[in-house]
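In: Here is a sequence with its predicted model. Questions after.
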Protein chains: 2
Amino acid sequence: MKEDGKKKLVTVLDGSAAAVPPIWMMRQAGRFLPEYRAVRVSAGSFWAMCMNPELAAEVTLQPVRRFGMDAAILFSDILVIPYALGGEVRFEENVGPLLTRYADIARVERDPAVWAAKLAPVYETLKLVRGALAPETTLLGFAGAPWTLATYLAEGRGSPDQRAAKLWGYRDPESFAGLLDLLADCVAAHLVRQLEAGADAVQVFDSWASGLPEAAFAEWVIRPTKRIVNAVRAARPGARIIGFPRAATQSGYEAYAAETGVNAVSLDTAAPMGWAAKALGPKVAIQGNLDPLLLLAGGAALDRGVDAILEATRGVPHIFNLGHGVVPETPPEHVARVIERIRGNA
Amino acid sequence: MKEDGKKKLVTVLDGSAAAVPPIWMMRQAGRFLPEYRAVRVSAGSFWAMCMNPELAAEVTLQPVRRFGMDAAILFSDILVIPYALGGEVRFEENVGPLLTRYADIARVERDPAVWAAKLAPVYETLKLVRGALAPETTLLGFAGAPWTLATYLAEGRGSPDQRAAKLWGYRDPESFAGLLDLLADCVAAHLVRQLEAGADAVQVFDSWASGLPEAAFAEWVIRPTKRIVNAVRAARPGARIIGFPRAATQSGYEAYAAETGVNAVSLDTAAPMGWAAKALGPKVAIQGNLDPLLLLAGGAALDRGVDAILEATRGVPHIFNLGHGVVPETPPEHVARVIERIRGNA
C-alpha cells in the first residue's frame, strides 16, 4: 500500500506512473497452476467452480499467494450474463461453451433483482476474497462487454468469425442495438454489485472486438461500453474501470480511450506500447501487453520482451499484463521470472 | 484497357487513381459459385483441382465471366510452397490442410529446378488463363508469405494461435530466420515463374500477420517480404507486387508499406480506409476492404459499406476488394450488386 493509503494498481488507474508497474495477468487463476487443477478436479465442472464461492475464492487467491501479484482478479466467466438473462450455459470439454441461442430478446429476463439473485455466488466470492486479501492487493471484478456477449448469444456458442452477431447487426441494426443496450444494462448492474462486494476496480472484456469495420466498432463496441461506464458511475461515482477491446485497430483504441470514459485501456499483444504510451495517455492508463506465447517460450526472448514493454511505458501510468490470457501449458516459473525481472531482482 | 494500353488494375498499381476503382475479390474463384462447386465435384479433391491446369484455369475464369471482374486471380493454394519443398500436403474435409511438420529445415528440397518441376501445373494454369482472358483483364498470381507458411510448416496444420511457429521463432531466432529465408527464396522463385507465365502482378498473402508483437512483425513479416520483393525485381525489373499482411496494426501496415517495396497494400476489414488513404499513399496503392460478412448480409448495410469505402478512397490509387475471402454461403447476387454499385449502375 502506498503512503497515501491507496493500493498501487489503483494509483495507476488514477493517472500516476509507478517506477515499478503493478502487475497481474489475465487468466492468472487458471489451468497453468497445479493448485488450480486440483480444485478444478474436486469441483467437477468449470461452471460449478464459478458458482461455488469457496472454490472460486480459493482459485482467485492462488496466483496472489504464489507470485505476489498486485491484483487478484475474480474467478468467474463472461457467460454469467447470459445465465442471468435466463439462458442455459454449459461448458463442453474440447468444444467450449454452449448456451441458449437468441434471435431476438423477447423472452429475456429483465428484472435486475432476478439477475442479482442468480449471480449472488459471484458477489459472495468477492466478499470472501476481499476478506482474505492483504490490504495492498487490488481486487478486480470483471464482465464481458455487450458486443462479445452478443457474439455468443447470437451463435449459441463461440464463433471464429462472429458471423451470427454480425449478420444480426448488419441486417437489423435497431433490434441489435436493443440487444446491446440490454446487455450493457445487465453488465453495468453486475459490475456495480461487484464493486459493492469489495472490488476496487472492474475490467470489461471485449474479447472479439477485432475484425469490425470502423462504423461497426463505434456502434457495437464504443457506444455500449460508454453506456456501461455511465451507468456504473451513476451508481458508484468515481468507479474505476479498465476496458479491453481486444485487438482493436490503433484508431479504434484511440477512439475507445477518448470516448468511453474508462480509466485504463488494456492492449493486445500486437499493439505497439510506445505508440500507446503517447496516443492514449494522459487521459487513460495503459495495461499490457506481453505475448502469452512469449511467456510460454521463456528464455532470453522473454526477458527482452519484458524489457521492451517497460522501456516503452516508462513514465506513463502502466499496469503490466499480457496481451491475452495465460495459456495452460505455461511453466509457472516463467511467470515468476517476469515478476522478478519487473521488480528488479533479475 | 486504357488508351495507353495498360490494364486498369495495373494503372492503379502504378500509382494512378481511377474514377471507378478496379475490382476483384479474394476467393472469387470459390465455393459460393455453383459453377465452381460443379468443377470441384468432378475434380474429386481440392488439391487435384489445384494441380489440374484445365480445371484450375476454368475456375479462375468463372468469376470474370459471371461478374466482369477487373482481375482474375490464379486458382491455387498457398501450400504449394511446402509441397515444392518436398513435404506432403493433403486437405481433409472439415479439418483443413494437413502437411508434413518440420522442426528444422535439414531435409528440405533446395533445388529451384525441382521446385519448378513440381509446380509446373501452376504455370500451365496461368498460360491457359492468359490465353482465354480479355486483354483488359488483369491476371494475378499469388503465393503465401514466409511467416504464414512457417505457421503451417511448424504446426503441420493450421493453428489458431500460430503457436509452434512463434515458439520456434522466440526460442531459436537464428534457425527460424533460416526457415523464413528459405521460404522467401522459394516464394520469390514461384512468383517469378508466375510472372513469366503471364501474370501481370502477384499478391503475397500473409494471412496470419495479426497478433505479432512489433519486433516480431518486423523480423518475421517485413524482412522476409522485402527479401521476396528484392529477389522478384532482380529477376523481373518493375514487377508489380501486392502485399497483404492481414490484420496488421496500423503502425505495422505503415512500416510494411514503407519498407517492403510492394506496389500496393491490401487491408483487412477493420482497417480504416480514410487513414489508409492518407498514411500509406502516395508511396503505395491500397486495396480492400469490404467485410466479407457484410457481403453475405446484403441489403442497405452492404450499399452503405461499399459507399463508405469509395468515399474514403476517392482520389487515391485504390483497388476495390474484400478485407478477407468471400465466404461460401455468399449469394452471388450480392457480389453482382457490389459491382453494379461501384460502377455507378445502382
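Out: Good, I have the coordinates.
In: what about residue A:293, is that helix, strand or coil?
Out: helix (DSSP: H, G, I helix; E, B strand; the rest coil).
In: Please name the residues that touch it.
Out: A:327, B:161, B:162, B:163, B:166, B:167, B:170 (CB atoms under 8 Å, 6 or more residues apart in numbering or on different chains). In this view, the C-beta of every residue, glycine as well, is placed from N, C-alpha and C.
In: Against chain A, how distant is the third one?
Out: If I follow you right, that is residue B:162. 8 Å (CB to the nearest CB, to the nearest Å).
In: Repeat that for the fifth one.
Out: To chain A, residue B:166 is 4 Å away according to CB to the nearest CB.
In: Residue numbers of the stretch 201-346 of chain A in contact with chain B?
Out: The stretch 201-346 of chain A comes close to chain B at residues A:210-217, A:247-252, A:268-272, A:275, A:289, A:291, A:293-294, A:296-299, A:301-302, A:305, A:308, A:323, A:327, as judged by CB under 8 Å from any CB of the partner chain.
In: Strands along chain A, start to end?
Out: A:71-73, A:89-92, A:96-99, A:138-144, A:201-206, A:241-245, A:264-266, A:285-290, A:318-322 (DSSP state E).
In: Could I get those in JSON lines, plus columns for mean pLDDT and mean neighbour count?
Out: Formatted as JSON lines, the strands of chain A follow (pLDDT from 0 to 100; neighbours: other CB atoms under 10 Å in any protein chain shown):
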{"stretch": "strand A:71-73", "mean pLDDT": "98", "mean neighbour count": "26"}
{"stretch": "strand A:89-92", "mean pLDDT": "92", "mean neighbour count": "14"}
{"stretch": "strand A:96-99", "mean pLDDT": "94", "mean neighbour count": "16"}
{"stretch": "strand A:138-144", "mean pLDDT": "98", "mean neighbour count": "25"}
{"stretch": "strand A:201-206", "mean pLDDT": "98", "mean neighbour count": "26"}
{"stretch": "strand A:241-245", "mean pLDDT": "98", "mean neighbour count": "27"}
{"stretch": "strand A:264-266", "mean pLDDT": "98", "mean neighbour count": "26"}
{"stretch": "strand A:285-290", "mean pLDDT": "98", "mean neighbour count": "27"}
{"stretch": "strand A:318-322", "mean pLDDT": "98", "mean neighbour count": "26"}
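In: Out of those, flag the one nearest residue B:71.
Out: strand A:241-245 (34.6 Å; CB to CB).
In: what does that closest one contact?
Out: A:13, A:140, A:145, A:191, A:201-207, A:209, A:217, A:221, A:225, A:228-229, A:232, A:252-253, A:256, A:260-266, A:287, A:319.
In: ok, now stretch A:81-94?
Out: By CB under 8 Å, 6+ apart, stretch A:81-94 touches A:45-47, A:79-80, A:97-100, A:102, A:107-109, A:114-115, A:118-119, A:143-144, A:149, A:152-153, A:182-183, A:186-187, A:190.
In: Show me which residues of that stretch are buried.
Out: A:81, A:82, A:83, A:84, A:85, A:86, A:87, A:89, A:91 (16 or more other CB atoms under 10 Å in any protein chain shown).
In: What is the nearest of those residues to residue A:62?
Out: Out of these, the member with the shortest distance to residue A:62 (by CB to CB) is residue A:91, at 20.1 Å.
In: Quick check: nearest residue in space to the closest one, chain neighbours excluded?
Out: Nearest non-adjacent residue to residue A:91, counting by CB to CB, 6 or more residues apart in numbering or on different chains: residue A:46, 4.7 Å away.
In: how far away is that neighbour from residue B:64?
Out: 51 Å (CB to CB, to the nearest Å).
In: same deal with residue A:220?
Out: From residue A:220 to residue B:64 the distance is 35 Å (CB to CB).
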